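1. Predicted coordinates and the sequence they were generated for:
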Amino acid sequence: MEKILVTGGAGFIGSHIIDRLLKLGNEVICLDNFDNYYDPSIKRKNIHFFMENKNFELVEGDLRDKHLLKNILKGVDYVFHEAAQAGVRTSVTDPLKSHDVNATGTLNLLEAAMDSNVKKIINASSSSVYGKVKYLPFDEEHPNQPLSPYGVSKLLAEHYCRVFDELYGLKSVSLRYFTVYGPRMRPDLAISIFTRSALKNETINIFGNGEKTRDFTYIDDIIEANLICMKKGEGVYNIGGGHSISINELAQKIIEINDSKSEVVYTSPVKGDAEHTLASYEKAWKEIGWKPKIKIDEGLGMYSKWFINEN
């Protein structure tokens, strides 16, 4: 049995990681500050079914609390670092908070983990670190020119992980997620918003002209990559679906899957959003044996079924 800390463990991805870790018989500490970026009751619901598990412990606290980190990391073998101030658009209006949580918070965690002899940190990064497109698909050597403070903060976190590995021997891997979706996903993300609207036959609002493209990655594939990286891998890896579609195509797929009468309406574009994302997962396949399994149509169908059952 390993003792594992999951930061941001009550969130979308963190709660799925905890679910798998507990099923594998590990002892898990969930650290979450239940920030009100979105409804904290959703996060509490994400973890409520873990509360009776003797191998699960919830710690309500913040990455910026160094004393707390020092205490909860005693005896911890691995850390899955999912805690972050999410949201590209939020970072445009409040860049300091993104930096404070994502960069400084990660630095705090790394210092405490080093002092506690943690074996490895699996850090959640983002495709937002790429920003301006030089070529597609993005490989890990693509230049990093983030378009938002969020992207900058996640890139800083990656560099801190790398430096702590090189200078102090604290092993880490950073996984660059490409637009993750699936059950328990945040309510402010496009697939969640579009599905909610489609099921009510309400208007689907798209920022800009809908021709921006995204590489969507189903949650099960994300969790698989994280678990593999406990024992394998170093540096950075793209974790993406390997296929991109436009936001217009996404909306139409969701309308069709849910047999909806929704119509699409276009609104003003938003600052900080990347034009296109598409992952090359060749490095992950070669070095850790990971590649995505869930295609977008299958994933959207599974998500819609879950959403209907939950609402």
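-> Thanks, I have it. Since the model is a prediction, treat every value here as computed from it, not as a measurement.

2. what's the helix or strand hosting residue 31 in contact with?
-> Using DSSP states H and E, residue 31 falls within strand 27-32. Defining contact as C-beta atoms under 8 Å, 6 or more residues apart in numbering, one finds that strand 27-32 is touched by 1-11, 14, 18, 21-22, 43, 47, 50, 55-61, 63, 72, 76, 83. For every residue, glycine as well, the C-beta is placed using N, CA and C.

3. Quick check: PyMOL command selecting the buried ones in those residues.
-> In PyMOL syntax, the buried subset of the contacts of strand 27-32 is picked out as below (16 or more other C-beta atoms under 10 Å):
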select buried, resi 3+4+5+6+7+8+9+10+11+14+18+21+22+43+47+50+56+57+58+59+61+63+72+76+83
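
4. The worst-scoring helix or strand of the chain on mean pLDDT packs against which elements?
-> The weakest-scoring helix or strand in the chain, judged by mean pLDDT, DSSP states H and E, is helix 88-93 (a mean of 92). Counting contacts by 3 or more C-beta pairs under 8 Å, 6 or more residues apart in numbering; DSSP states H and E, helix 88-93 packs against helix 95-98, helix 149-168.

5. Highest mean neighbour count out of the ones you listed?
-> Mean neighbour count (mean count of other C-beta atoms under 10 Å) peaks for helix 149-168 among the helices and strands packed on helix 88-93, with a mean of 20.

6. burial count for residue 198?
-> Applying other C-beta atoms under 10 Å, we find 23 residues neighbouring residue 198.

7. Give me the secondary structure label for the residue nearest to it when sequence neighbours are not counted.
-> Spatial nearest neighbour of residue 198, chain neighbours left out: residue 260 (3.8 Å); criterion: C-beta to C-beta, 6 or more residues apart in numbering. Here residue 260 is recorded as coil under DSSP: H, G, I helix; E, B strand; the rest coil.

8. tell me how far stretch 42-59 is from the chain's mean position?
-> 19 Å (C-alpha atoms, centre = their mean, to the nearest Å).

9. From the opening residue of that stretch to its closing one, how far?
-> The first residue of stretch 42-59 is 17 Å away from its last residue (C-alpha to C-alpha, to the nearest Å).

10. Quick one: the helices in this structure, in order.
-> Taking DSSP state H as the criterion, the chain carries its helices at 12-23, 40-47, 66-72, 88-93, 95-98, 105-115, 149-168, 190-199, 219-228, 247-257, 282-288, 296-310.

11. what's the closest of those to residue 130?
-> helix 149-168 (7.8 Å; C-beta to C-beta).

12. Residues touching that closest one, excluding its own?
-> Residues from elsewhere that reach helix 149-168 (C-beta under 8 Å, 6+ apart): 84-88, 90-92, 95, 98-99, 101-103, 106-107, 110, 114, 121, 123, 125-126, 128-131, 144, 146, 170-174, 234-236, 272.

13. Same question for stretch 290-298.
-> Identification of contacts with stretch 290-298 by C-beta under 8 Å, 6+ apart yields 216-218, 220-221, 224-225, 228, 237, 239-243, 245, 253, 257, 281, 284-285, 302.

14. What residues sit buried inside it?
-> 290, 292, 294, 296.

15. Pull the distance from it to the chain's centre.
-> Distance of stretch 290-298 from the chain centroid (C-alpha atoms, centre = their mean) equals 16 Å.

16. Pull that stretch out as CSV, backbone CA atoms only.
-> C-alpha atoms of stretch 290-298 as CSV (Å, rounded to 0.1, in the frame of the first residue of the first chain):
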residue,chain,number,x,y,z
TRP,A,290,0.3,5.5,-23.2
LYS,A,291,-2.1,6.5,-25.9
PRO,A,292,-5.7,7.6,-25.9
LYS,A,293,-8.4,5.0,-26.3
ILE,A,294,-11.7,6.9,-26.2
LYS,A,295,-12.8,8.7,-29.4
ILE,A,296,-14.8,12.0,-29.2
ASP,A,297,-18.1,10.5,-30.3
GLU,A,298,-18.0,7.7,-27.8
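
17. partner residues bridging residue 80?
-> Applying DSSP bridges to residue 80 gives these bridge partners: residue 6, residue 122.

18. Tell me who's in contact with residue 254.
-> 191, 194-195, 198, 204, 260, 300, 304.

19. Pipe these into CSV and attach distance to residue 139 and pLDDT per row.
-> Below are the contacts of residue 254 laid out as CSV (distance: C-beta to C-beta, whole Å; pLDDT from 0 to 100):
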residue, distance to residue 139, pLDDT
191, 25, 97
194, 29, 98
195, 31, 98
198, 34, 98
204, 33, 98
260, 37, 97
300, 26, 98
304, 32, 97
